[in-house]
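Student: predicted structure and sequence below. I'll ask about it afterward.
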Amino acid sequence: MRIGEVFCPGVLHAIEAKDGLLVRIRVPGGWIEGTQLRVLADLTRRFADGSLEITSRANLQLRAIHQRDLQQIVEGIRSVGLLPSPRHDRVRNIVTSPIAGLDKEEVIDPRPLIHQLDRQLRAEPEFANLHPKFSFGIYGGPNRFSRDLDDIVLQATESNSAAHLHLFLGGHSSGFAVKSEVAVECILAAARTCMELAHECCVPARAKAILGLPGGLKRLTDALSHLPMVPAAAPPFKVSDGLLGMYAANRQDRVNIVPSVPLGRLNPEQVDFLAEASEEWEADLRLAPWRGVVLGSVSRSVADRLVGALNSIGLSCDGREGFHGISACAGITGCEASLADVRRDAVSIAQRLAGEPVPLRWTVNLSGCEKQCGRRRGATADLVARPTGYTLVAEGSLPASDCSPQVAIDAVVALHHRVLSGSPAR
Ligand code: SF4
């Protein structure tokens, strides 16, 4: 077990944060079982800060761990199968829609491809050297959230009644699509080529960096020319509204339930409840890349009861608790670099907005410094702490700088009212 070796954490690569050690657990596809969540709830209660944090790649992290307890945390995580390959501890970013396989609008069910990709990544030692931030996305249908950070993405699209998966590299269309049968081979070949070119050209092993090399895109696609790829126009990038509440699933008697998770943190009571609900009502439990959760494929007959119970433990299904769409980095309690108590300020904004409807696509990022970890692009507002105060960028312009927390909070609340008056709410 190594500590603080590089910045990006894993289970066997705990990093030192301001509040103690932090470990991050790979959860490919965001698929987690109730029994696993229960064990994590127990671990965070006994050895961490009592919460489970969901990351923007639908992984999990525990923080504020003492060195003396680290081994017990690792053993607990291992005991529920969340450390299947120690070598690939940090090769963990496989992202998909949190309602994959349960979505009425999907072109294909991407789950078998994700399982296959995960298995093959773990089977090949060379992929243990992938950059820890290297990220794969496989989407079977419409985009359910905005994400352009992934290195290699396949997105299903339908043309002439046949399903293909369009290949994106570093956020750009490759101009090609593949069939499902060769999808994983294509992804692995692209990842391998990224690693080789990065090594050869001394750039970070990320698809975006490779694309920045002269002829980078061509070199990447040439390396895939042995595969049966067809030239294809990129499918239009259209994000359907971020999910919140109750949605029809692909089975008539089932629904998907999407609560809001305040600042992406679950407390042990919430974790226990989700674990219990997934077992008692056979819900399909998923972590979502908007730092949330989904209870998928729930019987319609129990859905209202379940929504009521979620509301009562602070996991609101209508977003009117004020937190929906608001995200904050670790802030002053968790990060030495933070120049403001962004989590406290995020709570203040949520308290001011409580009881109000949520505008569509309402997103606010609060960052403790200019690094802006976990920032979602295209947010309605970005609040960034600087040595002279907060800077607010709202809808692409800069309406406030060097302001106090109170002024910044007032400005976000005013923006909320303005957006709400000009656009439909949920
Ligand atoms: S944005 Fe800055 S303050 Fe916030 S977690 Fe990242 S480095 Fe720390």
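Tutor: Nice, I can see it. Numbering: from 1, shown residues only.

Student: so what's residue 33 closest to, chain neighbours aside?
Tutor: Counting by CB to CB, 6 or more residues apart in numbering, residue 285 is the residue found nearest to residue 33 once chain neighbours are left out, at 6.7 Å. C-betas here are computed from N, CA, C, even on glycine.

Student: the one you found should be in a strand, yeah?
Tutor: Yes. Counting by DSSP: H, G, I helix; E, B strand; the rest coil, residue 285 is found in a strand.

Student: for it, give me its contacts.
Tutor: By CB atoms under 8 Å, 6 or more residues apart in numbering, residue 285 lies in contact with 31-34, 37, 274-275, 278, 293-296.

Student: ok, of these, which one's closest to residue 342?
Tutor: Among the contacts of residue 285, residue 293 lies closest to residue 342 (CB to CB), at 22.3 Å.

Student: hey, which helix or strand in this structure has the poorest pLDDT?
Tutor: strand 2-3 (a mean of 48; mean pLDDT, DSSP states H and E).

Student: following it, which helix or strand shows up next?
Tutor: strand 13-17 (DSSP states H and E).

Student: could you give the mean pLDDT of that following strand?
Tutor: Taken as a whole, strand 13-17 has an average pLDDT of 93.

Student: quick one: is the helix or strand following it near the ligand?
Tutor: Where DSSP H and E defines the elements, the next helix or strand beyond strand 13-17 is strand 20-25. No. Counting by CB under 6 Å from any ligand atom, the ligand has no neighbours in strand 20-25; the shortest distance is 10.7 Å.

Student: quick check: mean pLDDT of strand 20-25?
Tutor: Per-residue pLDDT over strand 20-25 has a mean of 96.

Student: what's next to the helix or strand following that strand, contact-wise?
Tutor: Scanning forward in sequence from strand 20-25 by DSSP H and E, the next helix or strand is helix 34-47. Here helix 34-47 makes contact (CB under 8 Å, 6+ apart) with 25, 50-52, 60, 62, 65-66, 69, 72-73, 76-77, 79-82, 268, 271-272, 274-279, 285.

Student: what subset of those is buried?
Tutor: By neighbour count, with 16 or more other CB atoms under 10 Å, these hold 25, 50-52, 60, 62, 65, 69, 73, 76-77, 80, 82, 268, 271-272, 274-275, 277-278, 285 as buried.

Student: okay, and which of those residues map to helices?
Tutor: 73, 76-77, 268, 271-272, 274-275, 277-278 (DSSP state H).

Student: now those in JSON lines, with distance to residue 371?
Tutor: Shown next, in JSON lines, are those (distance: CB to CB, whole Å):
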{"residue": "73", "distance to residue 371": "26"}
{"residue": "76", "distance to residue 371": "31"}
{"residue": "77", "distance to residue 371": "27"}
{"residue": "268", "distance to residue 371": "30"}
{"residue": "271", "distance to residue 371": "29"}
{"residue": "272", "distance to residue 371": "34"}
{"residue": "274", "distance to residue 371": "31"}
{"residue": "275", "distance to residue 371": "34"}
{"residue": "277", "distance to residue 371": "36"}
{"residue": "278", "distance to residue 371": "35"}
